[in-house]
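S.K.: Provide a 3D model corresponding to the input given below.
(chains A and B)
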Amino acid sequence: MAIRINENQNTPIISNNETQSPQQTQQTQTTTHSAINERPDSGRDSRLQGQFSQSRTNIDAQRVLGQINQGLNNPTNTDDYRPIRNASVSNIPMAADVVDRRLSNLVSNRPARNMPATADLVSRSNSPREATKTISLSAQPNSQIRDLQSVSSTIDVADDVNISQVKVNIDIAHTYQGDLVVKLRSPEGKEVTLHNRTGGSADNLVFEANPADFNGLSSKGAWSVVVEDKANQDTGTFKSWNLSITGEPKNVPPPTGGTITKTATPNAAVKDNQTTTSFIDITDEGQIENLKVNLDIAHTYQGDLVVKLKSPSGKEVVLHNKTGGSTDNLQLDLDRTEFANEPVKGRWTLTVEDTARQDEGVLKSWGLALKTKGTTPPPPPPPPQQGREVVVAVFDGGVDYNHTDLDGNMWVNRREVAGDGIDNDNNGVVDDVFGINTSNNTGDPFKGSGTDHGTHVAGIIAAEDNGTGTTGVAAKSNVKIMSVGGMYDGAGTRDLLDNFEAGVNYVVKMKEQGVNVRVINCSFAKIYDDPASQARWNAALDKLAAADIMLVASGGNTGRNVNDLNRFPNNARQPNILTVAALDTTGGKLASFSSFGDRVVELAAPGEKILSTVPGNKYEEFDGTSMAAPHVAAAASILFSKYPTMTAVQAREIILSTVELDPDLEGKVSTKGKLDIAAAVAKADAMFGA
Amino acid sequence: MDKNVSLETLLAAPKNIEINGNTYSLQAYLWRNLMPGEDTKDGLQALVKLVAEGQESFPSEVNAIYLWVIKEQEVWQTEFLTEERTAPEKNQLEKLAVGGPNWTGEVTVVVEIYTTNNDKYLLQSPNQKIHKVF
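M.R.: Prediction:
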């Protein structure tokens, strides 16, 4: 039965605090939030043909899974190039579920997630036969609770049990219990309210709750407590909380392992006010039970030195911190328990920072002895990559070059000596081994904001075909990732355009030095209405075009027509630019969030529920046109790898002329179609093949 | 805009209604745009589709202006943008709203639809996830 509204009858519950953009024909108001103005979209009316969730049949799912299996098991099958068939593209839910299960099986020995800094392991008690297990973890956020704001704290649970009981203890100092709402959220997103503004004016909130709502769910992942203060006047502190989970373990512990030892003898200079870096790469699998590290530094003043060790997952521990005063040399042999349960595989990084003037030295040698809990069989060797090496520069937050699914497909600057503090290749950047950080012109791209985003984009293009995790669209071609990071950093002093220009200068210079940079991926967008900035954008883009480098850009996530906006680099008109919209999980409709515009967006590619790499040897599904663009960048890199003489303009024309036409995309993208890599390769074969 | 409608009334709205012999339902997709560099901020956006079930085209007598998005006791009340949009199916009416709060989690979406006779009805779509989009 329909409800008629009698607008005068009800007590209003919504206050008027609206803020409205004058350009917008929309009014908005919230009870606790101000509206956010948005730039007007002056684009003309256009069809949006994305569709909401559609049910799919088992037949469809089986068909797609079959194609995924075929693609994974038959590297010579040209159908591998079709994006829907790539293992990284989980764009059909039922099939994706199966892929996820495959992934779970493949990566069941993936490292445990890092514990957040605030979480301390309190105790673990296992029954003798592992029938049930209780995991108890605590965090001391000591976060201020301000009026009308919320604070949260997260505990990362590494163990995976089928939950039979959850107990949570909360300790909040506050001067008015009735202001507070406290919620517990599971890794899967299930949220339970533990306290909801009861208690009136009573002070503090210390309680235990035993919500049964999580029973049957998985324990592994990030658990959060959110504390919201719903009223004015009284404030407090979220002091601590404890999470206790009981359940049946899902995974059998790995067998007992051995000890892996490895040493490095960099004999690298330790110079005043500089940092010396050295790496040890471990290829064995397993989790650390105990780590020993030794090092030998010749130096004339121990008190100058800070020495740190970083694990492949990014955990960093200080081994020496300016102690020892004027004592000569530094020789350490340490047991470090902080790395327990970390994965051994990957790149271990030792940094020696000389923090003062006058005294210098040499990092002579260092070594690791990693006692593992267990080792797993090595993954099968990847199939040989085909074609000439093509470098795809990911302009973004930095890429985690230590990720086990990326480290083999990172571009490595062979003319640069890692960690020697010298610009060996004379390109203006010191120690740029994997790329550049554009915000500070250093050789460490994996710093700053957006590293999740950049690492995810890189994985879509080139995650290794190594039996672990996911597989990039271009993994079977000889494609390497150059990280052009720091794109979103430097606020106040640098803008996206400044960083973009720095990135362009870098890749063009590297290409002049012989690095085969053919494609850059730009999964970002910004509006520049002032002519001076537009001129700078176009100058940088012209420079890329002159260097025969293709630029693939994401179309944006506004859900609106962007034809008439001055968005860069997406809407620029250089002949080497491709702009990409996102398809939904059906693979046939524009995603609801995707921007569109048949004068500035050329084609569509998968952009929902895209599984790929994120820092710390992890994997996540992301949505967005940021995920659609790298599918096209990967397609272009496949063409360039197979046919090195192909120009960027030719590759663009081949990709656009071979799209799979879709009536749902008419009026949305200029080609009215979606990426079809197999068709593009076939056309390239016809044009450039022998 | 000042639509004084109580939370109880909003949450009591049906999931489908019948108007002049046609049944209408509601579909919604909510997201926050977190693409780096994007100028559109990261506030909540809502794309809503009114569906005239079993019809070949969407009746011209029905339209929608007001949207409420409800997260527990909080409500984002707004009007849809007036830009014309073409829905993917002919029996759908598509509307977009932007500039909402920075919420996450699940929400309930309620739309006020009206007819050319100025009759007004509420329609809801509960348990809608807010997507983070990059």
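S.K.: what does the stretch 151-300 of chain A put close to chain B?
M.R.: Residues of the stretch 151-300 of chain A lying close to chain B by Cβ under 8 Å from any Cβ of the partner chain are A:V181, A:G189, A:E191, A:K230. Placement of C-beta: from N, CA and C, glycine included.
S.K.: Buried among the residues you listed? Need that as a selection in ChimeraX.
M.R.: A single ChimeraX command selects the buried members of those (16 or more other Cβ atoms under 10 Å in any protein chain shown):
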select /A:181,230
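S.K.: what's the closest of the residues of the stretch 151-300 of chain A next to chain B to A:T647?
M.R.: A:G189 (46.7 Å; Cβ to Cβ).
S.K.: Secondary structure element for the closest one, which one?
M.R.: Counting by DSSP states H and E, there is no helix or strand that carries A:G189.
S.K.: isn't it right up against B:N127?
M.R.: No. Using Cβ atoms under 8 Å as the test, A:G189 is too far from B:N127 to be in contact (11.7 Å).
S.K.: returning to what we had before: identify the farthest-apart pair in the residues of the stretch 151-300 of chain A next to chain B.
M.R.: Longest distance between any two of those is 22.1 Å, between A:G189 and A:K230; criterion Cβ to Cβ.
S.K.: tell me which element A:A535 is part of?
M.R.: Short version, using DSSP H and E: A:A535 is in helix A:531-546.
S.K.: name the element A:Y506 belongs to?
M.R.: Going by DSSP H and E, A:Y506 is in helix A:496-512.
S.K.: That helix vs helix A:531-546, what angle?
M.R.: 20 degrees (axes from the mean of the first three to the mean of the last three Cα atoms, to 10 degrees).
S.K.: Can you tell me what sits against helix A:496-512?
M.R.: For helix A:496-512, the surrounding residues in contact (Cβ atoms under 8 Å, 6 or more residues apart in numbering or on different chains) are A:393, A:395, A:413, A:427-429, A:432, A:435-436, A:438-439, A:441, A:482, A:484, A:486-490, A:517, A:520, A:522, A:524, A:526, A:528, A:533, A:536-537, A:540-541, A:543-544, A:547, A:549, A:568-569, B:37.
S.K.: and if we set it to 7 Å?
M.R.: By Cβ atoms under 7 Å, 6 or more residues apart in numbering or on different chains, the surrounding residues in contact with helix A:496-512 are A:393, A:395, A:427, A:429, A:436, A:438-439, A:441, A:484, A:486-487, A:490, A:517, A:520, A:524, A:526, A:528, A:533, A:536-537, A:540, A:543-544, A:547, A:549, B:37.
S.K.: In PyMOL, select just the buried ones from these.
M.R.: One line in PyMOL is enough to select the buried ones among the contacts of helix A:496-512; burial here means 16+ other Cβ under 10 Å:
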select buried, (chain A and resi 393+395+427+429+436+438+439+484+486+487+490+517+520+524+526+528+533+536+537+540+543+544+547+549) or (chain B and resi 37)
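S.K.: Keep only those of the contacts of helix A:496-512 that are in strands.
M.R.: Counted as lying in strands by DSSP state E, out of those, are A:A393, A:F395, A:I436, A:V484, A:V517, A:I520, A:K526.
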